[in-house]
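>>> Provide a 3D model corresponding to the input given below.
(chains A and B)
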Amino acid sequence: MDLAFISKYAQLYAQAAKLTVILAAAGIALSLVIGLVCSLIRYYRLPLLKSLARAYIEMSRNTPLMIQLFFLYYGLPRAGLRLESVTCAIIGLAFLGGGYMAEAFRGGLEAVSRVQVEAGLSVGLSRPQLVRYVILPQAFAVAVPAITANTIFLMKETSVFSIIALADLVYVFKDLVREGHSNENNLLLVLFYLIIILPVSLFFAYLERRVRRAGFGA
Amino acid sequence: MSTAQPVLRIRDLHKKYDRLEVLHGISLDVPRGRVLVVIGPSGCGKSTLLRCINGLEAIESGDIELNGESISSGKTRWNLVRQKIGMVFQSYDLFPHMTVMGNILLGPLKAQGRDRREVTREAEQLLDRVGLLDRKDSYPRQLSGGQKQRVAIVRALCMNPEIMLFDEVTASLDPEMVREVLDVMLGLAERGMTMLIVTHEMAFARAVADKIIFMDQGVIVESAPPNVFFENPVSDRARRFLNIFQFDGVKKEEQPHVES
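Below is the predicted model:
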């Protein structure tokens, strides 16, 4: 074990981890918004929009992130739209994640029983109030495990960002392959992914227990 | 007989589910402060009738008026109408993610925009009346069925409705819990609440009703004061229905016991 190598390059990995976390956070936050909007469109079966949402969900879930990034980074400039690689990464991750999050939310929304909706209407709530105070809190409690899985999945998907010239963890790893010390290099890569993803897993496990207890007392 | 405007007036109400007509021309009035009890066999349309009144079901034709204003036109703003109609369901339907107090305050605060302190005080008084003030911070899952149903009644009452609708509210309760809920409803009747009640509890119906509405197959077959209806039902159909609740004695005549 070459500790000198590790201490020399840990800094580089830390910087890459920071970039990865920022891009992942932005992409995942956007994917939650997109997913929520799409799931509500499908839940309320809004004409026209529901077909668009459906088409988007299928497209986002059935194409690899790498291909989506290629399209954004190399394809769009030919159509005259040039985006920063950071922007491409965030949009790409949000595009992919939006489809998954939409399905997670939809599962939660459909688990809210019709009588709950009727009870909410019966106390005089308007549609938006019904969604906010009755439907979403219950749907969210049901959807948390799926949202957790999606979030962790999306964090791992960031490992393809290096193909659009972003200095993420894989990028640093490839860069250091030339330096030799492959064992130490492998170790650092694995370690840094664990450092950024494990807390997310733990946080969601905590969140899940809380909303379950508050919502349904399981 | 007062000529005052009834709180609820229904004229020639028709309702279909696809081709199945479940209500064929229902007409009834609920005067202020009166209690109407709707009884009848399963599937006779009595629950559907209540659901049409607060807009959970769309109607085909006919007219429903609340305090003289039609609520069956196409441009009814149902969220406003429902604030004047308290509905209690068979399955309680408390919001599981909110405390008892949260359940009760949601409508008055969010839908009606009332002052939190004033509503909280009112909610506490109502909870006290149904004997549940000490459970105000409990979650629905921590309550028994009868307690949940009493909270559901308070939730509807706290909107200060013009009329209360009860849809078989004791049908899924154990017998001893049925009583505690019915007592709350009797208390409301004493205080002059206008109510339309669907129930299978015949003894309760007789005790609480100013008028019994007997429905079968989507029409009102008979409509009479409780004493008349239960003792001398006019229609054959009503007589057969009431017989369901009677049992003929099946025990043999007791033989004179011979001491040896």
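>>> which residues does B:R239 contact?
B:P233 (Cβ atoms under 8 Å, 6 or more residues apart in numbering or on different chains). From N, CA and C alone the C-beta is placed, and that goes for glycine too.
>>> Ok, B:L196 next?
B:L8, B:V30, B:V35, B:L36, B:V38, B:L50, B:I53, B:I163, B:M164, B:L165, B:F166.
>>> mind redoing it with 10 Å?
B:7-8, B:10, B:28, B:30, B:34-38, B:46, B:49-50, B:53, B:85, B:163-167, B:213 (Cβ atoms under 10 Å, 6 or more residues apart in numbering or on different chains).
>>> Pull the contacting residues for A:I90.
Applying Cβ under 10 Å, 6+ apart, the residues near A:I90 are A:22-31, A:72, A:83-84.
>>> Next step: these restricted to strands.
Of those, none are assigned to strands by DSSP state E.
>>> Drop anything exposed from those residues.
A:L23, A:A24, A:A26, A:G27, A:I28, A:L30, A:S31, A:L72, A:L83 (16 or more other Cβ atoms under 10 Å in any protein chain shown).
>>> Would you mind naming what in the stretch 151-260 of chain B lies close to chain A?
B:A152, B:R155, B:A156, B:C158, B:M159, B:P161, B:L165 (Cβ under 10 Å from any Cβ of the partner chain).
>>> TSV for those, including secondary structure, pLDDT and neighbour count?
Shown next, in TSV, are those (DSSP: H, G, I helix; E, B strand; the rest coil; pLDDT from 0 to 100; neighbours: other Cβ atoms under 10 Å in any protein chain shown):
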residue	secondary structure	pLDDT	neighbour count
B:A152	helix	95	26
B:R155	helix	96	28
B:A156	helix	95	23
B:C158	coil	95	26
B:M159	coil	94	24
B:P161	coil	95	22
B:L165	strand	96	25
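>>> And the residues you listed, which two are furthest apart?
Distance extremes for these: the farthest pair is B:C158 and B:L165 at 15.4 Å, using Cβ to Cβ.
>>> As a check, name the ranges of all helices in chain A.
Secondary structure of chain A, counting by DSSP state H: helices at A:3-43, A:49-61, A:65-70, A:85-111, A:114-122, A:127-130, A:136-157, A:169-177, A:182-215.
>>> now the angle from the second one to helix A:3-43?
In other words, helix A:49-61. 160 degrees (axes from the mean of the first three to the mean of the last three Cα atoms, to 10 degrees).
>>> And for the last one?
Helix A:182-215 and helix A:3-43 meet at an angle of 40 degrees, taking the same axes, to 10 degrees as the criterion.
>>> Flag every buried residue along helix A:182-215.
Those would be A:184-185, A:188-189, A:192-193, A:196-197, A:200, A:204, A:208, A:211, A:215, for helix A:182-215 by 16+ other Cβ under 10 Å.
>>> starting at the chain centroid, how far to that helix?
In terms of Cα atoms, centre = their mean, to the nearest Å, the centre of helix A:182-215 is found 14 Å from the chain centre.
>>> Does the residue nearest the centre of chain B lie in a helix or a strand, and which?
Using Cα atoms, centre = their mean, the residue of chain B that lies closest to the mean C-alpha position is B:F166, 1.8 Å off. Remark: B:F166 resides in strand B:163-167, with elements defined by DSSP states H and E.
>>> for chain B, what are the nearby residues on chain A?
So far as Cβ under 10 Å from any Cβ goes, chain A lies against chain B at A:113-127, A:129-130, A:132-134, A:137-138, A:140-141, A:211, A:213-218.
>>> So among those, which ones count as buried?
Among those, the ones that count as buried by 16+ other Cβ under 10 Å are A:116-126, A:129-130, A:133-134, A:137-138, A:140-141, A:211, A:215.
>>> Partner strands of the strand holding B:F166, with direction?
When pairing is defined by DSSP bridges, strand B:163-167 lines up against strand B:85-88 (parallel), strand B:195-198 (parallel).
>>> and the next element down the chain from the first one?
Right, strand B:85-88. Next element after strand B:85-88 (DSSP H and E): helix B:100-106.
>>> do the same with the last one
The first helix or strand that comes after strand B:195-198 along the chain, using DSSP H and E, is helix B:202-208.
>>> Can you spell out which helices and strands pack onto that following helix?
Judged by 3 or more Cβ pairs under 10 Å, 6 or more residues apart in numbering or on different chains; DSSP states H and E, the packing partners of helix B:202-208 are strand B:35-39, helix B:175-190, strand B:195-198, strand B:211-216, helix B:226-231.
>>> what residue ranges in chain A are flagged as low confidence?
A:213-218 (pLDDT under 70).
>>> Find the closest residue to chain B in it.
Nearest residue of chain A to chain B, counting by Cβ to the nearest Cβ: A:V123, 3.1 Å away.
>>> Apart from its chain neighbours, what residue comes closest to A:E58?
Residue nearest to A:E58 in three dimensions, not counting chain neighbours: A:G99, with 7.5 Å by Cβ to Cβ, 6 or more residues apart in numbering or on different chains.
>>> Apart from its chain neighbours, what residue comes closest to residue 34?
Let's take chain A. A:G98 (3.2 Å).
>>> look at chain B instead
What sits nearest to B:R34 in space, not counting adjacent residues and going by Cβ to Cβ, 6+ apart, is B:D210, at 4.6 Å.
>>> Export the strands paired with strand B:163-167 as a markdown table, with columns for distance to B:E65 and mean pLDDT.
Shown next, in a markdown table, are those (distance: least, Cβ to Cβ, whole Å; pLDDT from 0 to 100):
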| stretch | distance to B:E65 | mean pLDDT |
| --- | --- | --- |
| strand B:85-88 | 12 | 95 |
| strand B:195-198 | 14 | 96 |
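>>> A:L46 contacts A:S39, correct?
No: using Cβ atoms under 10 Å, A:L46 is not in contact with A:S39; the gap is 11.6 Å.
>>> Overlap of the contact sets of these two?
Overlap of the contact sets of A:L46 and A:S39 (by Cβ under 10 Å, 6+ apart) consists of A:A53.
>>> in stretch B:21-28, what counts as buried?
Residues of stretch B:21-28 classed as buried: B:V22, B:L23, B:H24, B:I26, B:L28 (neighbour count, 16+ other Cβ under 10 Å).
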